[in-house]
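Chemist: Provided below for reference: sequence and predicted model.
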Amino acid sequence: MFLKFLLRRLLYVIPMLFITTLIVFSLILLIPGDPVLAMLGDSATHEKIAELRQQLGLDQPLMLQYFHWLNNAVHGDLGRSIFTGQQVDEALMQTLSVTMQLVLVGMFFSITGGMFFAVTSIYYPNSWMDYVARFFGTLGTAIPNFLVAMILIIFFSLKLNWLPATGFTSIADGPVPFIKGILLPGFSLSLAGIAVITRHLRSSLMETMDADYVRTAYSKGASRYQAIFKHSLQNALLPVVTTIGLLFGTALGATVVVENIFAIPGMGQLVVNAIEQRDFTMVQGVVLVMIVMVIIINFITDLVYALLDPRIEY
C-alpha cells in the first residue's frame with residue numbers, strides 16, 4: 001500500500017520538475033537588459049554582438065534553446081557563467097554547503113523555539129508565559145527578516161560587540177567561530193518559523209488536550225506534564241510535520257536576503273550578484289537547484305507524514 005502511495009507521489013513530482021525547468025528557463029526573458037551588451041559594453045560593434053550571441057546560443061529559437069538547456073541540465077551540466085566562465089555547478093557546490101548550514105541552523109531555531117513556546121503556553125494556560133507565546137507567535141510573522149537582521153546587528157554587533165556583523169565560518173573550521181558567526185543570521189532566518197510553529201503546534205495541542213484519550217489519562221491520575229508529553233504531543237506534532245517541510249522552502253528563499261545583509265557567501269548572495277551582472281546562466285542554475293530542493297523536501301515530508309500517521313489513506 002505504501003509502495004503504491006510512493007509511486008503516485010513520484011508521478012506527481014515528475015511533471016512538477018518539468019514545469020519548474022520551463023519556468024526557470026523563462027527567467028532569461030525576465031532579466032532586464034541584454035546580457036551580451038552588458039558583457040561587451042555599449043560601444044561594441046554589431047559584428048562582435050552577433051558573434052557572442054552565436055557563441056552563447058542566443059541566436060537560436062527559444063524552444064531549441066530550452067531543449068538544449070534541459071538536456072544539459074538533466075546530465076548535470078548547467079552551463080558556464082557568462083562573466084567568470086566558471087561552471088555553474090562548480091559555483092553551486094562551493095556555495096551550497098554554506099547555504100545549507102545557514103538553513104539547518106535556522107530550522108533548528110525554528111523547531112526548538114516554536115516547540116518551547118507552544119508547549120509552555122499549553123502547560124501554563126492563561127499565564128504571562130501563555131500571553132508572551134501568543135504575542136510572539138503574532139509578532140514573528142509580522143516583522144520581515146531583513147528588519148530583524150538590522151536590529152540584531154545594531155544591538156549585538158555595534159552596541160555590545162558580542163557577535164560579528166558580517167562574514168561566515170564553516171563548521172569544519174571550528175565549532176566556536178561557526179556558532180559566533182551563525183547566531184545572528186540563523187535567528188534572523190528563524191523568527192518567522194518560530195512564530196508559525198508556535199501558532200500551529202499550540203492550536204494542535206489545544207485540540208488533542210480535549211480528546212477522549214487525554215481525559216481518560218487524567219481520570220487515571222496522569223499529571224498535566226504526562227498528559228502533554230506522553231499522550232498529546234506526539235499526535236499534535238503530526239500536522240506540524242507538513243509545516244516544517246513548507247518552512248524549509250521559505251527559509252531557503254529567505255537566504256537571498258539574509259546572506260546579502262550578513263555578507264555570507266552562499267547561494268543567495270550568488271544569485272543576487274548574478275542578477276546584477278545579468279548572468280542569466282548562473283541565475284537559471286541557482287534558481288533551478290533551489291526549487292528542486294524545495295520539491296524534494298516536500299516529497300520527503302509527504303512520505304514522513306504518511307509513515308508517522310497510519311490513519312492516512314494512501
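Modeler: Good, I have the coordinates.
Chemist: C-alpha from now on. contacts and neighbour counts both.
Modeler: Fine.
Chemist: what's stretch 215-232 in contact with?
Modeler: Val119, Tyr123, Leu205, Thr208, Met209, Tyr213, Val214 (Cα atoms under 8 Å, 6 or more residues apart in numbering).
Chemist: Only C-alpha atoms, please: export it in CSV.
Modeler: Output of stretch 215-232 as CSV, limited to C-alpha atoms (Å, rounded to 0.1, in the frame of the first residue of the first chain):
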residue,chain,number,x,y,z
ARG,A,215,-9.4,12.9,29.6
THR,A,216,-9.1,9.2,30.2
ALA,A,217,-5.4,9.7,31.2
TYR,A,218,-6.5,12.4,33.6
SER,A,219,-9.1,10.1,35.1
LYS,A,220,-6.3,7.5,35.7
GLY,A,221,-4.3,10.1,37.7
ALA,A,222,-1.9,11.4,35.0
SER,A,223,-0.4,14.8,35.7
ARG,A,224,-0.5,17.7,33.2
TYR,A,225,3.1,17.0,32.3
GLN,A,226,2.3,13.4,31.5
ALA,A,227,-0.9,14.4,29.6
ILE,A,228,1.1,16.7,27.4
PHE,A,229,4.4,14.9,26.8
LYS,A,230,3.2,11.3,27.0
HIS,A,231,-0.2,11.5,25.3
SER,A,232,-0.8,14.7,23.4
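Chemist: Buried residues, it. List them.
Modeler: Ala217, Ala222, Arg224, Ala227, Ile228, His231, Ser232 (16 or more other Cα atoms under 10 Å).
Chemist: Angles on the backbone of the third one, please.
Modeler: Listed backbone geometry of Arg224 is phi -70, psi -40, with angles given as degrees, to the nearest 10.
Chemist: Narrow the contacts of stretch 215-232 to those in helices?
Modeler: Val119, Tyr123, Leu205, Thr208, Met209, Tyr213, Val214 (DSSP state H).
Chemist: Out of these, the closest to Asp173 would be?
Modeler: Nearest to Asp173, judged by Cα to Cα, of these is Val119 at 35.6 Å.
Chemist: what's the spacing between the closest one and Ser223?
Modeler: Counting by Cα to Cα, to the nearest Å, the separation of Val119 from Ser223 is 15 Å.
Chemist: Quick check on the contacts of stretch 215-232: which are buried?
Modeler: Val119, Tyr123, Leu205, Thr208, Met209, Val214.
Chemist: In contact with the last one, which residues?
Modeler: So that's Val214. So Val214 contacts Thr208, Ala227, His231, Ser232 (Cα under 8 Å, 6+ apart).
Chemist: swap in the third one?
Modeler: Applying Cα under 8 Å, 6+ apart, we find Leu205 in contact with Val119, Ile122, Ile228, Ser232, Leu233, Ala236.
Chemist: Would you mind giving the buried residues of stretch 215-232 as a markdown table with distance to Ile296 added?
Modeler: Converted to a markdown table, those look like this (distance: Cα to Cα, whole Å):
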| residue | distance to Ile296 |
| --- | --- |
| Ala217 | 39 |
| Ala222 | 41 |
| Arg224 | 38 |
| Ala227 | 35 |
| Ile228 | 32 |
| His231 | 31 |
| Ser232 | 29 |
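Chemist: Tell me which two of those sit farthest apart.
Modeler: Ala222 and Ser232 (12.1 Å).
Chemist: circling back: farthest pair within the buried ones among the contacts of stretch 215-232?
Modeler: Val119 and Val214 (15.6 Å).
Chemist: Low-confidence ranges, this structure, go.
Modeler: The chain contains residues with pLDDT under 70 at 1-2, 5, 27-44, 49, 52-53, 55-59, 308-314.
Chemist: where do the strands sit along the stretch 201-314 of the chain?
Modeler: In the stretch 201-314 of the chain, no strands are defined using DSSP state E, counting those that start in this stretch.
Chemist: can you pull out the helices in it?
Modeler: Using DSSP state H, counting those that start in this stretch, the helices of the stretch 201-314 of the chain run over 212-219, 224-226, 233-261, 267-276, 280-308.
Chemist: so which of those helices gets nearest Ile194?
Modeler: Going by Cα to Cα, the one of the helices of the stretch 201-314 of the chain nearest Ile194 is helix 233-261, 9.8 Å.
Chemist: could you give the angle of that closest one to helix 267-276?
Modeler: Following axes from the mean of the first three to the mean of the last three Cα atoms, to 10 degrees, one obtains 40 degrees for the angle between helix 233-261 and helix 267-276.
Chemist: name the helices or strands packed onto helix 233-261?
Modeler: Packing contacts for helix 233-261, counted by 3 or more Cα pairs under 8 Å, 6 or more residues apart in numbering; DSSP states H and E, involve helix 88-123, helix 145-152, helix 175-209, helix 267-276, helix 280-308.
Chemist: Fine by me, thanks again.
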